[in-house]
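Asker: what's the 3D shape of this:
(one chain, ligands or ions: 1)
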Amino acid sequence: MRVIVERDLDGVSRTAAQFVATLVRRKPTCVLGLATGSTPLGMYAELVRLHREERLDFSRVVTFNLDEYVGLDASHPQSYRTFMQRNLFDHLNIDHRNTHVPDGRALDFDVYCERYERMIRDEGGVDLQVLGIGTDGHIAFNEPGSSLGSRTRLKTLTNETIRDNARFFGSEADVPRLAITMGVGTILESRQCLLLASGEHKAKAIRDTVEGPVTAQVTASALQLHRDVITVVDEEAGRLLERRSYYREVEQAQTLLRSGRFGQAQ
Ligand code: GLP
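Answerer: Purely as a prediction, here's the structure:
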């Protein structure tokens with residue numbers, strides 16, 4: 001796992017946006033896996049800026065979001081569809097038909113979840129999956145104890161997640177108890193993962209994810225089994241990483257390699 005420690009959330013957002021933008025330029029028909037939450041907001045703002053100022057073209061990009069609350073209509077102010085429209089899709093030249101967010105009001109969830117998986121496969125799979133992380137180490141809504149082979153399905157949210165997300169709803173009682181979410185197995189099939197975290201409250205989850213054992217109790221730790229994961233954190237979220245100085249050395253060596261000056265540094 002590659003670990004990049006930035007000074008603050010601004011740095012995380014810019015670096016993350018560069019990874020996405022590089023892919024979109026290299027493969028204009030790429031499939032992006034997208035996440036909600038406060039962490040990727042700065043990255044989305046930077047992508048909007050790159051679209052406006054540098055004509056980053058999303059016209060042929062396809063997106064799949066990780067999850068959605070069950071029971072919320074797409075037009076609900078707190079639905080993840082609304083979040084994506086407001087913070088990203090409405091500001092890009094993306095084709096609405098190419099943007100997919102799970103339907104929290106599906107009539108038959110088993111059938112719908114299978115269909116969501118099939119849609120991802122039919123588009124050729126996710127090229128780059130953006131991920132945030134819950135304070136309990138979950139990715140998407142794969143709460144502790146989720147199977148590391150799980151597929152898109154319904155998941156009951158933990159009290160910790162409900163508490164964490166109550167800030168968007170006004171009160172804990174208003175947070176839906178169920179969500180439809182890509183599974184850990186679904187996420188692991190994407191070609192590359194970009195895990196973002198910011199703030200002291202994410203430090204333990206990040207340490208457990210990067211340096212702890214692979215365990216269903218911290219579903220993000222399954223990313224250790226993936227061959228191409230880039231974790232971008234700020235100083236605070238990376239505070240508990242024991243090998244952080246090594247991660248910095250790796251990045252410095254990579255920079256030297258790219259500039260062709262590696263031999264001189266030895
Ligand atoms: C929710 C989402 C996750 C997200 C997490 C962290 O649980 N389902 O995908 O990673 O929140 O959100 P934030 O970035 O606001 O801390």
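Asker: part of a strand, is Leu195?
Answerer: Yes: counting by DSSP: H, G, I helix; E, B strand; the rest coil, Leu195 falls inside a strand.
Asker: avg pLDDT for whichever helix in the chain runs longest?
Answerer: In the chain, assigned by DSSP state H, the helix with the most residues is helix 9-26. For helix 9-26, the mean pLDDT works out to 98.
Asker: For the following helix or strand past it, name the packing helices and strands.
Answerer: As assigned by DSSP states H and E, the chain's next helix or strand after helix 9-26 is strand 31-34. Packed against strand 31-34 by the contact rule (3 or more CB pairs under 8 Å, 6 or more residues apart in numbering; DSSP states H and E) you find helix 9-26, strand 62-65, strand 128-131. The C-beta positions use only the backbone N, C-alpha and C, and glycine is treated the same way.
Asker: can you list contacts of the first one?
Answerer: Where contact means CB atoms under 8 Å, 6 or more residues apart in numbering, the residues beyond helix 9-26 that reach it are 4, 6, 30, 32, 39-43, 45-47, 50, 56-58, 61, 127-128, 130, 194, 196-199, 230, 232-234.
Asker: Which pLDDT value goes with the closest residue in space to Tyr69 that isn't next to it in sequence?
Answerer: In this structure, Tyr69 finds its nearest non-sequential neighbour in Pro176, 4.1 Å apart by CB to CB, 6 or more residues apart in numbering. With respect to pLDDT, Pro176 has a value of 96.
Asker: Look at the closest residue to Gly134 other than its chain neighbours and tell me its secondary structure.
Answerer: Of all residues not flanking Gly134 in the chain, Thr161 sits nearest, at 5.7 Å (CB to CB, 6+ apart). Judged by three-state DSSP, the three-state class of Thr161 is helix.
Asker: Contacts only, for Thr161.
Answerer: Contacts of Thr161 by CB under 8 Å, 6+ apart are 134, 136, 138, 141, 143.
Asker: what's the most buried one of the helices and strands packed on strand 31-34?
Answerer: Of the helices and strands packed on strand 31-34, the one with the most neighbours on average (mean count of other CB atoms under 10 Å) is strand 128-131, at a mean of 26.
Asker: Now the helix or strand following it - C-alpha only, CSV.
Answerer: The helix or strand immediately downstream of strand 128-131 is strand 153-156, counting by DSSP H and E. Written as CSV, here are the backbone C-alpha positions of strand 153-156 (Å, rounded to 0.1, in the frame of the first residue of the first chain):
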residue,chain,number,x,y,z
ARG,A,153,-26.3,-5.6,-0.4
LEU,A,154,-28.2,-4.0,2.5
LYS,A,155,-26.3,-3.3,5.7
THR,A,156,-27.5,-2.2,9.1
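Asker: Tell me the strands beside strand 153-156, with direction?
Answerer: With DSSP bridges as the test, strand 153-156 is paired with strand 178-181 (antiparallel).
Asker: Buried ones in the strand it pairs with, by neighbour count?
Answerer: For strand 178-181, the neighbour count (16 or more other CB atoms under 10 Å) marks 179-181 as buried.
Asker: from these, which is closest to Asp103?
Answerer: Ile180 (7.5 Å; CB to CB).
Asker: Tell me who's in contact with the closest one.
Answerer: 67-68, 70, 102-104, 106, 109, 112-113, 116, 152-155.
Asker: Which of those residues fall within strands?
Answerer: Judged by DSSP state E, the subset of the contacts of Ile180 located in strands is 67-68, 153-155.
Asker: Pull out the buried residues from these.
Answerer: Buried among the ones in strands among the contacts of Ile180 (16+ other CB under 10 Å): 67-68, 153, 155.
Asker: just for the protein, where's the confidence low?
Answerer: The chain contains residues with pLDDT under 70 at 263-266.
Asker: Can you pull the residues of the stretch 1-150 of the chain lying near the ligand?
Answerer: Applying CB under 6 Å from any ligand atom, we find that the stretch 1-150 of the chain lies next to the ligand at 35-39, 66-67, 132-134, 140-141.
Asker: That's all I had, so thanks and see you.
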